[in-house]
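> this is a predicted model, with the sequence first.
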Amino acid sequence: MPKGLKIMLFWSLVFPTIITILRIITDYVLGKEIELFSYTAVFLGIGAGGLIFVGPLMYFVSKSKEKKINSLAVLGEEIHLPNKQRSIGLVSFISLIIGIISSVIYILTGNSFINDSLTMLFSFVFLILSFVLSLFSKKDKFGRISLYIFPVLLVIYLLFFGVMSVFWKQPE
C-alpha cells in the first residue's frame, strides 16, 4: 500500500475512530446517556477534517522529507509499479459501488428496515474513500471512473438535501 494512502486512511478513519471511542468513554465516565448514532457527527466531522486538512498536510510533509533524503542519497530511485495503481483503482471503484448502493438504500428505504444514520454513514465514508483512492490512481480507468462520478454524486446529494429541506414539513 502506498505511503500516501496509509497516511490518508489513518487520518480519515483510524484517528476519528480513536477520538470517537474516547468521547464515548468520557460520556460513560461522566454518567451521560450513550446512543451510538449520536456519535456519527463526531466521527464524520473528524473524518472530514482528517481527509481534507490533516491527511494531505501530513502527506506533503512526509513527501518533502522524503525528497530531502533522496536528494542527499547517491543511490535510490523510486520504482512505481502499475499493478499497485491498478489495484488502488479497483478498490476505489468497489468503494464507489458500495457507497452508491448505501445511498440508494438510504434514499429508498426511509428508515424502514435499516437505520438512516447507519446507511448515510456508510455511503459517505465509502464515497469519500473512493474519491481519495481515485486521487492516487488517476491513470487507471477504474480510478478515473470514481474520480469523475464523485462530483456528480456530490451535486445530487446537495440537491436532494436542499430540496428535502425546502419541502420538508415538520409537525409544529
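That came through, no problem.
> just name the shakiest helix or strand of the protein by mean pLDDT.
The helix or strand of the chain with the poorest confidence is helix 55-72; it has a mean of 66 (mean pLDDT, DSSP states H and E).
> what residues of the very next helix or strand once past it count as buried?
Per DSSP states H and E, the first helix or strand lying C-terminal to helix 55-72 is helix 82-109. Neighbour counts over helix 82-109 (16 or more other Cβ atoms under 10 Å) mark 85-96, 98-100, 102-103, 105-107 as buried. All C-beta atoms are positioned from the backbone trio N, CA, C, and that covers glycine.
> for the next helix or strand along the chain from helix 82-109, the distance to its chain's centre please.
Downstream of helix 82-109, the next assigned helix or strand under DSSP H and E is helix 116-136. Put simply, helix 116-136 sits 5 Å off its chain's centre (Cα atoms, centre = their mean, to the nearest Å).
> for helix 116-136, buried residues please.
Judged by neighbour count (16+ other Cβ under 10 Å), helix 116-136 contains these buried residues: 117-136.
> so what are the domain limits for the chain?
1-78, 80-172 (automatic domain parsing).
> if you compare the ones you listed, which one is most tucked away?
Of all the domains of the chain, domain 80-172 has the most neighbours on average by mean count of other Cβ atoms under 10 Å, namely a mean of 16.
> can I get stretch 15-28 as CSV, trimmed to CA atoms?
Extracted C-alpha coordinates of stretch 15-28, given in CSV (Å, rounded to 0.1, in the frame of the first residue of the first chain):
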residue,chain,number,x,y,z
PHE,A,15,-7.9,8.8,14.1
PRO,A,16,-11.6,9.6,14.1
THR,A,17,-12.4,6.2,15.4
ILE,A,18,-10.0,6.6,18.3
ILE,A,19,-11.4,10.1,19.1
THR,A,20,-15.0,8.8,18.9
ILE,A,21,-14.2,5.9,21.3
LEU,A,22,-12.5,8.3,23.7
ARG,A,23,-15.6,10.5,23.5
ILE,A,24,-17.9,7.6,24.3
ILE,A,25,-15.7,6.6,27.3
THR,A,26,-15.7,10.1,28.6
ASP,A,27,-19.5,10.3,28.4
TYR,A,28,-19.8,6.9,30.1
